[in-house]
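Trainee: would you be able to build a 3D model of this:
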Amino acid sequence: MKKLLMLITAALILAPVFPAGASTLKQNKDSQYFTHFVFCEFATNTTSPLDPQVSNSLFNLYNSKEYPFFYVSMVSDKEQKALDRLQNHYNITGYPTLFLDGGYKVVYGKPNDENTYVNNIMESGVRETSPVTLTVSAGWFQDCCNKKVLTDLKIRNNGDEYYNGHVRVYLVEINSRWYDSSGNPYHFGFLAYTIDRDVSVSPKNNLSISSGVDVTTIGYPDALSDNLMIIAVLFNEEQHEKYSDPPADTHSFSAHYVDAVDADTVKGELSKGISILKPSGGRIYLFGLPIPRIFFKKPLVICKIEVEIEVNRFLQAEKVELYMDDQLKNVFTETPYTWVWDETAF
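Mentor: Below you'll find the predicted structure:
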C-alpha cells in the first residue's frame, strides 16, 4: 500500500504593501519634497455606482509607488465604526468622497479623475507639519482562545513646545471581504481601530503606546493575519473649518490635519487559509465513502476518491496547485477545487 504526502500551494493576488518597500518610498518622498506620507480616507458604500472607479484609481496610484500615500476604504454600509467616522467627524454629504490628511483636501463626487487625486495628494504632501515623528509595528498572537493584533507605537516630539493631538491606528484588510457595486473587492478595508486616543508629548520627548485587539471580539474571527495591516495616523489638535461637499460648501466640519503617518503589515501564517476537506484524518474511504477509523489518525484511501480542497476566499487565490509525493497532480484556476484520486494510499 502506498504512503501519500499531500501538499497544496496557492498563488495569491495580494495587494503590494508599501512597508515592505519603505526605502523605495522614502526615496520617492524625498525627491518630491514631501514633508510626510499623505493619508486618505475613501468614503464609500457598496451600492454606490460611482465608487468602483474611485476604488480602482486609488489602488492603481498606490501600486505605482510614485506617490507616498496610504489610504483606507471606509465602507460605511458594512462597518459601523466607518460610518460613525464619516458622519460624526466629516459630516459626509455623499459617496464617493476622499478626505485627505484629515480634511485638508476633500474630493467629492469625481469618480474618474485621477489627475485631481494626484494633484490633491501632491498638495497635501508638501504641506508644513508639526515637528513630530511616528513609528508603528504590528504583531500577531494566537492561542486556543485568542487571535490578537498587537500594536506598538512611538511618537517623538522634536519641537520646543508640547504637542497635542489624536492618534488613530486603522486596522485594515489588504484584500477586503467587501465588494463594490461592480463586484470587485475593496482594498485596505477598515475593520477597527487598534488605538484611538488623545495624546500629549512634552518637548524633545517620546510617547510609547501598546495595545492588543482580538479580531474575534471586534466581529472578524475569520480574519487572516497575513491579510491584515495597520496604518497609524497622528492628527493635530488644531481645528480648521472645511466642507465635505466642495465646491458647494454647504456641509461644514472641523478638520484636524495630519502630522505623521506610518504603517506595518501583520505577520502570520498564510497557509492556515488552505485546508484539505477530503480525505480527512481518522477515516477509511472505500470508493469515496467515509468509514470511521478508530485507531489511526491518517486517512486510508481504497479505490477512487474525489479530493476536496478549501481555500479561504479572502486570500483571492489566482491558482491552486496539488502535489502528491512531490509530484504536481493538478492545477486549479477556479472553484471548486476538486480532483479525482484513483490509487490506494494512506
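Trainee: can we go C-alpha only for contacts and neighbour counts from here?
Mentor: Noted.
Trainee: packing partners of the longest helix belonging to the chain?
Mentor: Longest helix in the chain, counting residues (DSSP state H): helix 51-64. Contact analysis of helix 51-64 by 3 or more CA pairs under 8 Å, 6 or more residues apart in numbering; DSSP states H and E lists strand 185-201 as its packing neighbours.
Trainee: let's go with 7 Å and repeat that
Mentor: With contacts defined as 3 or more CA pairs under 7 Å, 6 or more residues apart in numbering; DSSP states H and E, helix 51-64 has no helix or strand neighbours.
Trainee: tell me the buried residues in it?
Mentor: D51, P52, Q53, V54, S55, N56, S57, L58, F59, L61, Y62 (16 or more other CA atoms under 10 Å).
Trainee: that helix: what's the following helix or strand?
Mentor: Of the helices and strands lying after helix 51-64 in sequence (DSSP states H and E), the nearest is strand 69-75.
Trainee: so, low pLDDT: which residues of this structure?
Mentor: By pLDDT under 70, the weakly predicted segments of the chain are 1-32, 268-273, 279-303, 312-318, 325, 343-346.
Trainee: repeat the analysis, applying 90 as the threshold.
Mentor: Within the chain, the ranges that satisfy pLDDT under 90 run 1-33, 65-66, 109-114, 141-146, 267-346.
Trainee: quick one, helices of it?
Mentor: Under DSSP H, the chain gives helices at 22-31, 51-64, 80-84, 114-125.
Trainee: in PDB, list the C-alpha atoms belonging to stretch 242-250.
Mentor: Output in PDB follows, covering the C-alpha atoms of stretch 242-250 (Å, rounded to 0.1, in the frame of the first residue of the first chain):
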ATOM      1  CA  LYS A 242     -13.700  72.700   6.000                       C
ATOM      2  CA  TYR A 243     -16.600  71.300   3.900                       C
ATOM      3  CA  SER A 244     -17.500  67.800   2.800                       C
ATOM      4  CA  ASP A 245     -19.200  68.900  -0.500                       C
ATOM      5  CA  PRO A 246     -16.900  71.200  -2.400                       C
ATOM      6  CA  PRO A 247     -17.400  73.400  -4.300                       C
ATOM      7  CA  ALA A 248     -20.900  74.000  -2.900                       C
ATOM      8  CA  ASP A 249     -19.600  74.100   0.600                       C
ATOM      9  CA  THR A 250     -22.900  73.600   2.400                       C
END
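Trainee: which residues sit against it?
Mentor: For stretch 242-250, the external contacting residues (CA atoms under 7 Å, 6 or more residues apart in numbering) are Y90, N91, I92, T93, G103, V106, Y108, H251, S252, F253, S254, A255.
Trainee: show me what contacts the third one?
Mentor: What it means is I92. Residues counted as contacts of I92 (CA under 7 Å, 6+ apart) are L86, S244.
Trainee: which of the contacts of stretch 242-250 tops the neighbour count?
Mentor: In terms of neighbours by other CA atoms under 10 Å, those top out with G103 at 26 neighbours.
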